[in-house]
Every structure is written in structure tokens, then in C-alpha cells.
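Trainee: show me the folded form of this:
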Amino acid sequence: MRMISFRDTPSQIRTKTKTVTRRNNWRHAKIGMQLRGVNRLPTKQNPHPKTICFVEITAVDLVRVRDIDQADCDAEGFPELDPIEFIALYCTIHKKKPHDWITRIEFEYIRRPSGLAW
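Mentor: Residues are numbered from 1 along each chain as shown. The predicted model follows:
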């Protein structure tokens, strides 16, 4: 099962207030794809990341960063931020510009798939 890191939003994942994420170069994402949410991707120093959730993709779109609206802020788990604040935060963290294209992934939380081998 493919992993997806929620390194920057662990509290939103724990409280399940995050149902949308944005990714660079995730054109392989497809509706119905199940993902293992982890605290960070594996590295040589940390080859076994901690699983924090399992999700299933329900929608995938290619969008510009600047198109984030209040509904997106809410779905990202940041209802306290307005779109301008969220776009600035996103661009700072991910070294993006507002006109850059990114993959918007909507998901729902699922139970751990049965028979999942680690």
C-alpha cells in the first residue's frame, strides 16, 4: 500500500478535520486508491514511519494554489485561516508560487484494510 505523509498536519489527521490535501507530482493519484497515512516518509535514519491513519481517495483535481477558497481551508483542517493566509502558509512550507499547479486530493478515512501486510 502506498504511503502518504501528513508530517505538517498530524493534529488535523488525529481529529479527522482534514479531508483534503495538496501534493506536488501526485498525478498517479486515482479515485478509490487506498493510502497509508504516516507521520513522515521512510528514510535511512527512520525506515519505519508511524502509521497514523488509512484513507481512500474520493476526488482528484489538478488546480492552481491561488484557487484555494474558504471551503478548502476548512477541509484542510485550518478553518481559522482565510484563503489568503492559507495560500501564504502553503507557499512558504512547500516553496510554491500562487500560480503553480498542484494535485488536490480529497479523501475519506477508512479502517485498516484487512490482510494488509506491512
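Trainee: number of nearby residues for residue 77?
Mentor: By other CB atoms under 10 Å, 20 other residues sit near residue 77. (C-beta placed from N, C-alpha, C; glycine too.)
Trainee: helix or strand: which one has the nearest residue to it once chain neighbours are set aside?
Mentor: Among residues not flanking residue 77 along the chain, residue 12 sits closest, at 2.9 Å (CB to CB, 6 or more residues apart in numbering). Here residue 12 sits within helix 10-14, counting by DSSP states H and E.
Trainee: now that helix - C-alpha only, CSV.
Mentor: Output of helix 10-14 as CSV, limited to C-alpha atoms (Å, rounded to 0.1, in the frame of the first residue of the first chain):
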residue,chain,number,x,y,z
PRO,A,10,-0.7,15.5,12.4
SER,A,11,-3.3,17.2,14.7
GLN,A,12,-5.7,17.7,11.8
ILE,A,13,-5.4,14.0,10.9
ARG,A,14,-5.8,12.8,14.5
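Trainee: before we move on, the earlier item: tell me the contacts of the residue nearest to residue 77?
Mentor: 6, 18, 76-78 (CB atoms under 8 Å, 6 or more residues apart in numbering).
Trainee: show me the strands in the protein, by range?
Mentor: 3-5, 20-23, 34-38, 51-64, 101-110 (DSSP state E).
Trainee: state the distance from residue 96 to residue 86.
Mentor: 12 Å (CB to CB, to the nearest Å).
Trainee: I should have written residue 52 there, sorry.
Mentor: 22 Å.
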